[in-house]
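>>> The following comprises the amino acid sequence and a computationally predicted model.
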Amino acid sequence: MPWNYHKLQSHLKSAKLLDEIKIESFQFIRKNPKMTESEVQQFIQSLFQKHSLRLAEHSPIVAFGKNTSHVHYFLKPNKSARLEPNTPILIDIWSRLNTHETPFADITWMGFYGQSIPKEFQKVFDVVIKSRDACLEYLKIQLKKKTMPTGAELDAVARTVITKAGYGKNFPHSTGHSLGFISPHGKEAGISYKNNQPLEKNLGYTIEPGIYLEGKFGARSEIDIYNDSKNKIVITTKIQKKLVHIH
């Protein structure tokens, strides 16, 4: 369903609040470095309630260490990891205003707790960022040509960057999805090899490539974008360029 002005403004407000919650969440970890994933998750949920954001079907994702290697890591009872030195951190949060038919915002940011960021983790994060930016830049270039690329076309751009870096088999999900009203995943086809249709105008999407090394760590970067009626891309969320380093 295309977004009207009201829906876009609602999404922008949600995106701004998620950015504030993300900042507060990493600050919470910085001040309390012995927290568990569950305790950070509960802190995030308390901020959702504080800002009157709707709690989605699933709780926000907070993953430490090797748990970041799961594409979608959901906490199990009594199995919440405690933060330890030299640990990657993944925070994936999504929500919307608690009003009727307003679209979600959805972001993922990465951090690291420890004195020195390992070269391998930094390399993987950098490849993910390069993939995300290549997808975004290709979309902008095509729109300047008044051409709306297909979801499959954009997915291929992002995937090529990761494959050339040697991590093609470690990128198991689509590059992005449309943003919905009932859940963060909309009904419209997203940035996926399965979508041979052009992206839709007046609709929000995520761009979220990721690399996951089983049993070691994973990295994902997720931003939201909006295609307006004039073939212009609006980036509606903050863009992570560097790891959040907690030390």
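Done, it's in. Model, not experiment: these values are computed from the prediction.

>>> other SSEs contacting the strand ranked longest in the chain?
Assignment by DSSP state E gives strand 87-97 as the longest strand of the chain. Where contact means 3 or more Cβ pairs under 8 Å, 6 or more residues apart in numbering; DSSP states H and E, strand 87-97 is packed against helix 5-31, helix 37-50, strand 53-54, strand 61-64, strand 105-113, strand 217-220. The way it works is simple: take the backbone N, C-alpha and C, and place the C-beta from them, glycine included.

>>> Just the buried positions in the longest one, please.
Just to be clear, that refers to helix 5-31. Buried positions in helix 5-31, judged by neighbour count with 16 or more other Cβ atoms under 10 Å: 7-8, 10-15, 17-19, 21-22, 25-26, 28-29.

>>> Excluding sequence neighbours, find me the nearest residue to Met1.
Once flanking residues are discounted, Met1 sits nearest to Phe181: 7.3 Å by Cβ to Cβ, 6 or more residues apart in numbering.

>>> Show the backbone phi and psi for the one you found.
Here is the backbone geometry of Phe181 (degrees, to the nearest 10): phi -110, psi -30.

>>> Might you report the residue contacts of the residue most central in space within the chain?
What sits nearest the mean C-alpha location of the chain, by Cα atoms, centre = their mean, is Glu222, with 2.5 Å. By Cβ atoms under 8 Å, 6 or more residues apart in numbering, Glu222 lies in contact with 92, 106-108, 206-208.

>>> least trustworthy helix or strand in this structure by mean pLDDT?
strand 53-54 (a mean of 89; mean pLDDT, DSSP states H and E).

>>> circling back: beta-bridge partners for the residue nearest to the centre of the chain, please?
Glu222 has these beta-bridge partners by DSSP bridges: Thr108.

>>> Give me the three-state assignment for Phe74.
coil (DSSP: H, G, I helix; E, B strand; the rest coil).

>>> how much space is there between it and Ser80?
Separation of Phe74 from Ser80 (Cβ to Cβ, to the nearest Å) stands at 11 Å.

>>> ok, these two, which is more surrounded?
Higher neighbour count among Phe74 and Ser80: Ser80, with 17 against 11, using other Cβ atoms under 10 Å.

>>> Which secondary structure state is assigned to that one?
Applying three-state DSSP: Ser80 is coil.

>>> Which strand or helix spans Val157?
Counting by DSSP states H and E, the element that carries Val157 is helix 151-164.

>>> tell me how far that helix is from the chain's mean position?
17 Å (Cα atoms, centre = their mean, to the nearest Å).

>>> Determine the set of other helices and strands touching the helix or strand that that helix is followed by.
Note on helix 151-164: by DSSP H and E, the next helix or strand toward the C-terminus is strand 203-207. Counting contacts by 3+ Cβ pairs under 8 Å, 6+ apart, strand 203-207 is packed against helix 119-144, strand 223-227.

>>> Let's see the pLDDT reported for the residue lying closest to Thr160 once chain neighbours are set aside.
The spatially closest residue to Thr160, leaving aside those adjacent along the chain, is Ala134, at 7.8 Å (Cβ to Cβ, 6+ apart). We have a pLDDT of 98 for Ala134.

>>> count of neighbours near Ala134?
19.

>>> so who does it touch?
157-158, 160-161.

>>> Of these - the most surrounded one?
Within these, Ala158 tops the neighbour count with 27 neighbours, counted by other Cβ under 10 Å.

>>> okay but it is in contact with Ser131, surely?
Yes - here Ala158 reaches Ser131: they are 4.6 Å apart, a contact under Cβ atoms under 8 Å.

>>> Name the residues contacting each of those two.
With Cβ under 8 Å, 6+ apart as the test, Ala158 and Ser131 both reach 175, 209.

>>> any idea which of the contacts of Ala134 is the one closest to Thr99?
Nearest to Thr99, judged by Cβ to Cβ, of these is Ala158 at 32.9 Å.

>>> Brilliant, that's me finished.
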